[in-house]
Structures are given as C-alpha cells and as structure tokens.
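**Student:** give me a 3D structure for the following:
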Amino acid sequence: MASFGQYIKAEREKKEWTQTEFGALIGINSSAISRIENGTQKFSKSKLPKLAEIFQTSVQTLTDLFYADKFALEAYENHCSENVFLVAEDNVKYIKSINTK
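**Tutor:** Sure, this is the predicted structure:
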C-alpha cells in the first residue's frame, strides 16, 4: 500500500489532471498538492468529504486510508513492531464494546 499522498497522486493521474487542475477542484494550490503527494505536507482531514466526491469514492474508504497512513508512519517513527497494529485492533474492539452498552 502506498502513502496517502501517493494514493492521491495515483488517483489524480488516473483522471489525467494536473496538480493545478486538481488543486482548483479541492481548493488547494498546486505547490501544496505537490508537497502532499511527496509526503512533506499532510492532507487536511476536513477535506476528506470533498476528496471523496472528486474521486467518486466513499468518505469511509478515504478516512481509513488517511488514518492507516498516519498510524503506520507514527509506528515506524517510534520503532514499534508490527504487533502494534494487532494490539490497536484489539483496543478498537474493546472501545466499541464499551460504547455499545
């Protein structure tokens, strides 16, 4: 799986949009699009609904990709083992269980 920025770039290129054209659609200038695609700037989660509309995908899919990228990067930077994701999955299940009661 690619980073969230690489995902954006791949989807933009599938549509044959320049960074300027895509930026105009989402409301971000082309230099920021470049930085998002190369991973030096983060994408704003507040723009996920607009991105879903533009790419014709679900907000949930983009939210999952956005946070998976964020969690993976943080785990990598903090030298976590891959086990951290299994633990996180168990924690999510626990949180869901206590919030559904």
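**Student:** what are the contacting residues of the helix or strand that contains residue 13?
**Tutor:** Assessed by DSSP states H and E, residue 13 sits inside helix 4-14. Contacts of helix 4-14 from elsewhere in the structure, counted by Cβ atoms under 8 Å, 6 or more residues apart in numbering, are 2, 19, 22, 33, 36-39, 43, 51, 55, 65-66, 69-70. C-beta here means a position set from N, CA and C on the backbone, and glycine is covered the same way.
**Student:** cross the residues you listed against helices and list the overlap.
**Tutor:** Cross-referencing these against helices under DSSP state H gives 19, 22, 33, 36, 37, 38, 51, 55, 65, 66, 69, 70.
**Student:** export those to TSV and tack on distance to residue 97?
**Tutor:** What follows is the ones in helices among the contacts of helix 4-14, written out as TSV (distance: Cβ to Cβ, whole Å):
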residue	distance to residue 97
19	44
22	41
33	40
36	36
37	38
38	40
51	31
55	33
65	25
66	25
69	26
70	24
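**Student:** CSV for these, including neighbour count?
**Tutor:** Below are these laid out as CSV (neighbours: other Cβ atoms under 10 Å):
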residue, neighbour count
19, 19
22, 22
33, 25
36, 23
37, 22
38, 12
51, 21
55, 19
65, 18
66, 20
69, 20
70, 15
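**Student:** make CSV from those and add pLDDT to it.
**Tutor:** As requested, these are arranged in CSV below (pLDDT from 0 to 100):
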residue, pLDDT
19, 97
22, 98
33, 98
36, 97
37, 97
38, 95
51, 98
55, 97
65, 95
66, 96
69, 93
70, 93
